[in-house]
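In: everything below, folded, please.
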Amino acid sequence: MHQGSLILASCTQAPSGAKALVAYRPTYTCPMAKDKTHFSCSDCGGTTPKWLGKCPHCGAWNSLVEAVAEPAGTGKNRFAGRPGLAPSAELRPLSQIEASDFERTPTGHEELDRVLGGGIVEGGVVLIGGDPGIGKSTLLLQALDSLQRQGQKTLYITGEESGAQVALRARRLGLDGSMVQVLAETQLEKMLAVLQSAQPTVAVIDSIQTVYSDQLTSAPGSVAQVRECAAHLTRAAKSDGVSIILVGHVTKEGALAGPRVLEHMVDTVLYFEGDTHSSFRLVRAIKNRFGAVNEIGVFAMTEKGLKGVSNPSAIFLSQHAEPVPGSCVMVTLEGTRPLLVEIQALVDSGGPSPRRLSVGLDRDRLAMLLAVLHRHAGVACSDQDVFVNAVGGVRITEPAADLAVMLAIASSLRGRALPKGFLAFGEVGLAGEVRPAPRGQERLKEAAKLGFSVAVVPKANAPKKPIEGLSIHPVERVEQALEVFRTLS
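Out: Next up is the predicted model:
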């Protein structure tokens, strides 16, 4: 439909008594005005008026999503009168500020406490992410139940399930008689009111992508909503002293969904790792203001929920009755914990384009190690397919795995197994030298404790005092390591 508008024409030359000429000009108005939109980057939160393939602010590709622009406010800041992300204090020199340690509340799960640095800190905000169905909600519900049985006030706020679904999961986990308070809510303002009135010690928000604020018109899960809601919850944690754990979704690449500023606002970021088809789960800390990073907690999924694994090295070691070619054990460090991991290699005749595939290890580093093997040790794999795998689904990022990878490749190529109870670790350089690994003494002691008897290590990591039950062969070059392999196998 259209509406008309009347426009009076000029009538200066009209005869006396004549009627004024009236012109009719149709104008069109839309019955519903379209909301103004812009495109917001899901990585950095930057906005542009039109879609672009690459974000002009952070350079991320295909990260711009359409969102409704927020209406202009009245000029008053909606954060006025609210506390900051950190409590404010008067200006003082650094030397006069008392450096006191933070009090921690153990969760009752040793592996989770290890990752958190000893327990939950008062007023701390933890963000935990992982694939769907990997066990985030299960672990947090178990932790809240343990805290509640210790006398702590706990609150579980669910935005993805109803209270009945949470209760059903608790029954399956054997948490009968649990007094954990449950609230099914997605509106931020109601959550803050409940946090203010209930005054819990620990609260879980499952998940931050479902929370929305009435102050914003964008949909839940959008960049603006996630950033705003996380900022409000962080302020509530710092001002009221409540520990808040946020559950976050992950993208198909495995990164936490939402703006990257979300990870900067919180105190601790944990990632759930592991295959959903396997019974083992790894919880890794990639940021912790109150503890060490790169710590891992190892859990096994059972009918009664997640249980901590006291000896995680057993997960990453295959149980061979006799030694097999292409297998070499190494000792890797995950935070403060030494873990024994089996490296498996398979070298097979390839076609005109040999494949190089690694699982749990850096593929580019594998190509570099093959070149070093050829140049400095005379082991040629240029016409062979090479497959390398870290057993148990663990990802090894430190270069201390180089020596074990090279020995496993040489073992598979020659079809000769390494002796039983053999392990190796050390970084390999492009010149063929074997460099020391950090905290080599702790690695060797862990290996001796688990019954290993032969070790090939960098010369700089050789202990000054012999370790009972462990024969150590220090090497400086790749050629020396392969000579030890030929002697022992």
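
In: packing partners of the host helix or strand of residue 235?
Out: Remark: residue 235 resides in helix 223-240, with elements defined by DSSP states H and E. The helices and strands touching helix 223-240, judged by 3 or more Cβ pairs under 8 Å, 6 or more residues apart in numbering; DSSP states H and E, are strand 37-41, strand 64-68, strand 125-129, helix 188-198, strand 243-248, helix 261-265. Using the backbone N, CA and C atoms, a C-beta is placed for each residue, glycine as well.

In: looking at those, which has the lowest confidence?
Out: Among those, strand 64-68 carries the lowest mean pLDDT, at a mean of 78.

In: partner strands of it, with direction?
Out: Partner strands for strand 64-68, per DSSP bridges, with pairing direction: strand 37-41 (antiparallel).

In: which parts of the partner strand are buried?
Out: Across strand 37-41, burial judged by 16 or more other Cβ atoms under 10 Å covers 39-41.

In: what's next to stretch 409-423, contact-wise?
Out: By Cβ atoms under 8 Å, 6 or more residues apart in numbering, the list of residues contacting stretch 409-423 from outside reads 322-331, 340, 345-347, 369-370, 373, 377, 379, 381, 384, 386, 388, 404, 407, 447, 451-456, 482, 485, 488-489.

In: just the ones of those residues in strands?
Out: Under the assignment DSSP state E, the contacts of stretch 409-423 contribute 327-331, 340, 345-347, 384, 386, 388, 454-456 to strands.

In: looking at those residues, spot the one nearest residue 150.
Out: Each of the ones in strands among the contacts of stretch 409-423 was checked against residue 150 using Cβ to Cβ; the closest is residue 340, at 33.9 Å.

In: okay, and the beta partners of that closest one?
Out: When residue 340 is checked against DSSP bridges, its beta-bridge partners turn out to be residue 331.

In: residues in contact with it?
Out: With contacts defined as Cβ under 8 Å, 6+ apart, residue 340 is in contact with 313, 316-317, 329-332, 423, 446-447, 450, 452.

In: at 7 Å what do you get?
Out: Applying Cβ atoms under 7 Å, 6 or more residues apart in numbering, we find residue 340 in contact with 313, 316-317, 329, 331, 446-447, 450.

In: wait, which of these is closest to residue 246?
Out: Checking these against residue 246 with Cβ to Cβ, the nearest one is residue 316 at 30.1 Å.

In: on that earlier part again, can you redo the buried residues of strand 37-41 as a markdown table with distance to residue 159?
Out: As requested, the buried residues of strand 37-41 are arranged in a markdown table below (distance: Cβ to Cβ, whole Å):
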| residue | distance to residue 159 |
| --- | --- |
| 39 | 26 |
| 40 | 21 |
| 41 | 24 |
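
In: from the contacts of residue 340, which single one is nearest residue 213?
Out: Compare each of those with residue 213 using Cβ to Cβ and the shortest gap goes to residue 316, at 44.1 Å.

In: was I right about the closest one contacting residue 343?
Out: No - because the distance of 9.7 Å does not satisfy Cβ atoms under 7 Å, residue 316 is recorded as not touching residue 343.

In: which of those two has more neighbours?
Out: The residue with more neighbours, out of residue 316 and residue 343, is residue 343; 28 against 23, by other Cβ atoms under 10 Å.

In: how about the secondary structure of the more buried one?
Out: Secondary structure assignment for residue 343 (DSSP: H, G, I helix; E, B strand; the rest coil): strand.

In: contact partners for it?
Out: Residues in contact with residue 343, defined by Cβ under 7 Å, 6+ apart, are 328, 330, 388, 390, 401, 404-405, 408.

In: relative to residue 444, how far out is the closest residue to residue 129 other than its chain neighbours?
Out: Residue nearest to residue 129 in three dimensions, not counting chain neighbours: residue 248, with 4.1 Å by Cβ to Cβ, 6 or more residues apart in numbering. As defined by Cβ to Cβ, to the nearest Å, residue 248 lies at a distance of 39 Å from residue 444.

In: looking at the two, which one has more neighbours?
Out: Set side by side, residue 248 and residue 444 give different neighbour counts by other Cβ under 10 Å, the larger being at residue 248 (26 against 23).

In: residue 185 versus the more buried one, what's the distance?
Out: To residue 185, residue 248 is 18 Å away according to Cβ to Cβ.

In: what does residue 488 give?
Out: Computed as Cβ to Cβ, the residue 488 to residue 185 distance reads 64 Å.

In: go on, residue 477?
Out: Applying Cβ to Cβ, one obtains 64 Å for the distance of residue 477 from residue 185.

In: domain assignment for this structure?
Out: Using automatic domain parsing, the domain parsing of the chain gives 1-69, 104-310, 327-488.

In: weakest of the ones you listed by average pLDDT?
Out: Taking the average pLDDT of each of the domains of the chain, the minimum falls on domain 1-69, with a mean of 65.

In: quick check: residue 470 touching residue 451?
Out: No - under the criterion of Cβ under 7 Å, residue 470 makes no contact with residue 451, lying 9.7 Å away.

In: settle it for me: which of these two has more neighbours?
Out: Neighbour count, other Cβ under 10 Å: between residue 470 and residue 451, residue 470 has more, with 19 against 10.
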